[in-house]
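K.L.:
No letters, just coordinates:
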């Protein structure tokens, strides 16, 4: 019996993408649970259940704009299926590896950065730079953001926007709380976090799960299972399930960093951080911009701390996080490049 290597590779790649989706949820669960656990608004178990439920709903209702962006960042559809599928496989393996490495050290990093870096690194190793949709020429001529330029812009601007929105939300919240001036307000703030946690988790699902959906859609197109790029319903469902399962297991090492390592979080901070982060991530999803929930949540906490007491921010930890952000794309690209070279015998 003859083994269809292309089919086997396609199946393995889809499995690897779903495993990445799991590590994405596992890694990013801390984004939604850290603040509510830190201020005792929810128990860890209850927080994870709320986050998992609304993370599951997000990709099913949030459309596919982000998936379309990720699915077109590299143009490998004209390559032989073995080569193009191997590119995706090594990219996803590199991204998953980076997720696990940063989780082990308790550092909040971006699964989005890691996936983009993996795709670019593997494509450069296989074919050179011509098959990466850099988007620089398009931006220079039309001002439109596409491909790598769009991804990079969204990943750079979203933490800045998160910090600014966090700062503004704290100032508005502080003004409103001074008008209320109630000693029992913390009780209501804790209850409000069920709503804000659900909103942030939904936003996370609309953005992060779509990245895996876009990659699987690429694999299906490259191997002839579909005749044009689109995300089938079964891909949405399976991607939603995997990121939810990852979220259920949680990444408690990173919770300690976000909840206690940057700024001392109280109920008002937790609610404001979730509200600000959810608004930024939902806005990005609407425009098809893949952003890092990790970066946005971290930056909103920094923004809130800067609005209240800048001197109490643990700036050394913030610097560590920023360094991790900066090195994620080149590091995952290098891992993908090495992996592709190691697996290149498959396509020869």
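P.N.:
Alright, I've got the coordinates. Keep in mind the model is a prediction, meaning the values are calculated, not measured.

K.L.:
Please count neighbours and contacts with C-alpha atoms only from this point.
P.N.:
Noted.

K.L.:
could you pull out the helices for the protein?
P.N.:
5-38, 44-61, 65-71, 81-104, 111-126, 136-142, 147-180, 185-222, 233-249, 252-256, 267-286, 293-308, 315-343 (DSSP state H).

K.L.:
so where is this protein shaky, pLDDT-wise?
P.N.:
Applying pLDDT under 70 to the chain picks out residues 1-3, 29-31, 63-64, 181-184, 186, 250-261, 346-348.

K.L.:
if we can go back for a sec, format the helices of the chain as a markdown table; extra columns: mean neighbour count.
P.N.:
What follows is those, written out as a markdown table (neighbours: other C-alpha atoms under 10 Å):
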| stretch | mean neighbour count |
| --- | --- |
| helix 5-38 | 24 |
| helix 44-61 | 21 |
| helix 65-71 | 25 |
| helix 81-104 | 24 |
| helix 111-126 | 27 |
| helix 136-142 | 12 |
| helix 147-180 | 19 |
| helix 185-222 | 24 |
| helix 233-249 | 22 |
| helix 252-256 | 21 |
| helix 267-286 | 25 |
| helix 293-308 | 26 |
| helix 315-343 | 19 |
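
K.L.:
give me phi/psi at residue 143?
P.N.:
Main-chain dihedrals, residue 143, degrees, to the nearest 10: phi 80, psi 10.

K.L.:
Pick out the residue closest to the middle of this structure.
P.N.:
Central residue of the chain (C-alpha atoms, centre = their mean): residue 292, 4.0 Å from the mean position.

K.L.:
Who are the contact partners of that residue?
P.N.:
By C-alpha atoms under 8 Å, 6 or more residues apart in numbering, the residues touching residue 292 are 110-113, 155, 158, 208.

K.L.:
ok, now residue 126?
P.N.:
By C-alpha under 8 Å, 6+ apart, residue 126 lies in contact with 83, 87, 340-341.

K.L.:
Swap in 10 Å and give it another go.
P.N.:
Residue 126 makes contact with 83-84, 86-87, 120, 337, 340-341, 344 under the criterion C-alpha atoms under 10 Å, 6 or more residues apart in numbering.

K.L.:
Identify the farthest-apart pair in the residues you listed.
P.N.:
Comparing all pairs in the contacts of residue 126 by C-alpha to C-alpha, the longest separation belongs to 120 and 344, at 16.1 Å.

K.L.:
hmm, back to that, tell me the one among the contacts of residue 292 nearest to residue 318.
P.N.:
residue 110 (14.7 Å).

K.L.:
Isn't the closest one up against residue 328?
P.N.:
Yes. Using C-alpha atoms under 10 Å, residue 110 is in contact with residue 328, at 7.4 Å.

K.L.:
how close does the residue nearest to residue 278 when sequence neighbours are not counted sit to residue 45?
P.N.:
Nearest non-adjacent residue to residue 278, counting by C-alpha to C-alpha, 6 or more residues apart in numbering: residue 200, 4.2 Å away. Separation of residue 200 from residue 45 (C-alpha to C-alpha, to the nearest Å): 17 Å.

K.L.:
what sits against the residue found closest to residue 91 once you drop the neighbours it is linked to in the chain?
P.N.:
Closest residue to residue 91 apart from its sequence neighbours, by C-alpha to C-alpha, 6+ apart: residue 118 at 3.9 Å. Residues near residue 118 by C-alpha under 10 Å, 6+ apart: 87-96, 98, 112, 124, 328-337, 339.

K.L.:
hang on, the earlier thing: overlap in contacts of residue 110 and residue 328?
P.N.:
Here residue 110 and residue 328 have 95, 98-99, 102, 116 as joint contacts, going by C-alpha under 10 Å, 6+ apart.

K.L.:
Most widely separated two among those residues?
P.N.:
Taking C-alpha to C-alpha, no two of the shared contacts of residue 110 and residue 328 sit farther apart than 102 and 116, at 16.2 Å.

K.L.:
wait, doesn't the residue nearest to residue 278 sit right on residue 275?
P.N.:
Yes. With contact defined as C-alpha under 10 Å, residue 200 reaches residue 275; the gap is 7.0 Å.

K.L.:
and for those two, which residues touch both?
P.N.:
residue 297.

K.L.:
contacting residues around the residue nearest to residue 318 when sequence neighbours are not counted?
P.N.:
Excluding the flanking residues, the one nearest residue 318 by C-alpha to C-alpha, 6+ apart is residue 262, at 6.3 Å. By C-alpha under 10 Å, 6+ apart, the residues touching residue 262 are 256, 298-299, 301-302, 305, 312-319, 321.

K.L.:
Also residue 156?
P.N.:
Residue 156 neighbours (C-alpha under 10 Å, 6+ apart): 150, 291-292, 295, 325-326.

K.L.:
Identify the residue spatially nearest to residue 266, adjacent ones excluded.
P.N.:
residue 39 (5.2 Å).

K.L.:
same check, this time on residue 286
P.N.:
residue 65 (7.1 Å).

K.L.:
Now do the same contact list for the one you found.
P.N.:
With C-alpha under 10 Å, 6+ apart, residue 65 has these contacts: 71, 206-207, 210-211, 214, 284-290.

K.L.:
Since that was my last question, I'll sign off now.
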